[in-house]
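# this one's sequence-less:
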């Protein structure tokens, strides 16, 4: 009797293993933070998920021109420039948020800060926060909780 039970168990076991359910097939998601930029613009969460990084090589340094767009909303984008391999609060020298064809830019002596925590040959990470103004300073946006992680 034990042999029959053992044989049935051995024969039945491959059937159990070969059957699958949704729970046995894990869904592997890419890390959300890579090649993304998130921020709150006037309190509303905005996620940019399409990255373009262009290198401009000069005799003594290399600039990176980073453009972040939304795959679901072409009316919003962020462009910022920085020197490759430089970190800290002075690494980013140009920052523009565009919404509905209106540019909001970094002005001299304003309260906007960008801090690069990682700046390697192929990866940049950092944070940013502050106020950006239109060219005539008649309008502005407040950006808080800004963070990016871009591999290029």
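On my side now, so go ahead. What you are looking at is a predicted structure, and each value in this text was computed from that prediction instead of being measured.
# list the contacts of the residue positioned nearest the centre of the chain.
Nearest residue to the geometric centre of the chain (CA atoms, centre = their mean): residue 36, 1.3 Å. Contact analysis of residue 36 by CB atoms under 8 Å, 6 or more residues apart in numbering lists 47, 48, 49, 51, 148, 149, 150. All C-beta atoms are positioned from the backbone trio N, CA, C, and that covers glycine.
# what's the distance between the fourth one and residue 113?
I take that to be residue 51. From residue 51 across to residue 113, the span is 21 Å (CB to CB, to the nearest Å).
# neighbour count winner among these two?
Taking other CB atoms under 10 Å, residue 51 and residue 113 do not tie; residue 51 has more neighbours (19 against 15).
# is it true that the more buried one touches residue 65?
No: using CB atoms under 8 Å as the test, residue 51 is too far from residue 65 to be in contact (11.4 Å).
# what are the ranges of the helices in this structure?
Listed in chain order, the helices of the chain (DSSP state H) span 2-18.
# poorly predicted segments of it, please.
Of all residues in the chain, those with pLDDT under 70 make up the ranges 1-33.
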